[in-house]
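*Asks:* Next one to model:
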Amino acid sequence: MTFRLLPKDVKFFDLFVEDGDNVAFAAGRLHEMVDRFDRLDERVAEIQALEHHGDEIDREINRRLVDAFVTPFDREDIHELTVRLDDVLDGIQAIAETLVIYDVTVPTEEAKRLAAIIAEQSVELVAILRGLDGLKGLDHHLQAVHDLEHEADGLSRAAIGRLFRERWDPLDVIKWRDLYAALEETIDAAEDAAEVVERMNHKSS
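*Replies:* Next comes the predicted model:
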């Protein structure tokens, strides 16, 4: 059984889609930044602006959550989904800023793929959020988020191993170990968001 908001308050679902679109846009910009590695300051500024917009969306969701007499899902789940999406966006911003702060000159191939995974997960999250109103056709997208996280696990472990196996400069080892951790944490946050929706789906079935 699926619970709905009051008929006139369809904005709640729209806000989740807007939040997801914003995350996906930021993830795409990060992927472009890591892949092309040009106009770094401009790209970071754009991602920062998207993060600020995400905060505005989150505040509106939380305001409606407080004001709503009827909510489509448990209030705790709505709040947690908002938090997890914000974690993805915060992670994207942190990665972009760290690339500049650490004065990275050439991204590794592993970093490029991990950034691409974040972008791909975000596209799947948008599809999931678009399906919240009805909770139909989500399984394929939820599984895709999990599969991408699994790929990232193996890739990040191999990338960190390569830092030591190939005897990189110690400073570069520190830089890339931090960056790989940030990339992996952001990918994990996207999976956490998907798991919140899975819980919502289970409670509503």
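*Asks:* Point out the other helices and strands that the one helix or strand residue 22 maps to packs with.
*Replies:* Assessed by DSSP states H and E, residue 22 sits inside helix 11-36. If contacts are counted by 3 or more CB pairs under 8 Å, 6 or more residues apart in numbering; DSSP states H and E, helix 11-36 sits against helix 40-67, helix 75-101, helix 109-130. Using the backbone N, CA and C atoms, a C-beta is placed for each residue, glycine as well.
*Asks:* okay, the ones you listed, which one's buried deepest?
*Replies:* helix 109-130 (a mean of 22; mean count of other CB atoms under 10 Å).
*Asks:* Show me which residues of the longest helix along the chain are buried.
*Replies:* For the chain, the helix reaching the highest residue count under DSSP state H is reported as helix 170-204. Using 16 or more other CB atoms under 10 Å as the test for burial, helix 170-204 gives 175-177, 179-180, 182-184, 186-201.
*Asks:* For residue 201, list the residues it contacts.
*Replies:* Counting by CB atoms under 8 Å, 6 or more residues apart in numbering, residue 201 makes contact with 135, 138.
*Asks:* count of residues packed around residue 138?
*Replies:* Look at residue 138: counted by other CB atoms under 10 Å, it has 21 neighbours.
*Asks:* Double-check it against residue 197; I have them as touching.
*Replies:* Yes. With contact defined as CB atoms under 8 Å, residue 138 reaches residue 197; the gap is 6.7 Å.
*Asks:* Need the overlap of contacts for these two.
*Replies:* Common neighbours of residue 138 and residue 197, using CB under 8 Å, 6+ apart, are residue 128.
*Asks:* Residue 132 versus the spatially most central residue of the chain, what's the distance?
*Replies:* Of all residues in the chain, the one closest to the mean position by CA atoms, centre = their mean is residue 88, 3.2 Å from it. Distance from residue 88 to residue 132, counting by CB to CB, to the nearest Å: 16 Å.
*Asks:* Rounded mean pLDDT for stretch 184-198, please.
*Replies:* Stretch 184-198 shows a mean pLDDT of 97.
*Asks:* For that stretch, output the C-alpha coordinates as CSV.
*Replies:* What follows is stretch 184-198, C-alpha atoms only, in CSV (Å, rounded to 0.1, in the frame of the first residue of the first chain):
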residue,chain,number,x,y,z
GLU,A,184,34.6,5.9,-2.5
GLU,A,185,32.7,7.6,0.3
THR,A,186,30.6,9.6,-2.2
ILE,A,187,29.9,6.4,-4.1
ASP,A,188,28.9,4.8,-0.8
ALA,A,189,26.6,7.7,-0.1
ALA,A,190,24.8,7.2,-3.4
GLU,A,191,24.3,3.5,-2.4
ASP,A,192,23.0,4.6,1.0
ALA,A,193,20.4,6.8,-0.7
ALA,A,194,19.3,3.9,-2.8
GLU,A,195,19.0,1.7,0.3
VAL,A,196,16.7,4.3,1.9
VAL,A,197,14.3,4.0,-1.1
GLU,A,198,14.5,0.2,-0.8
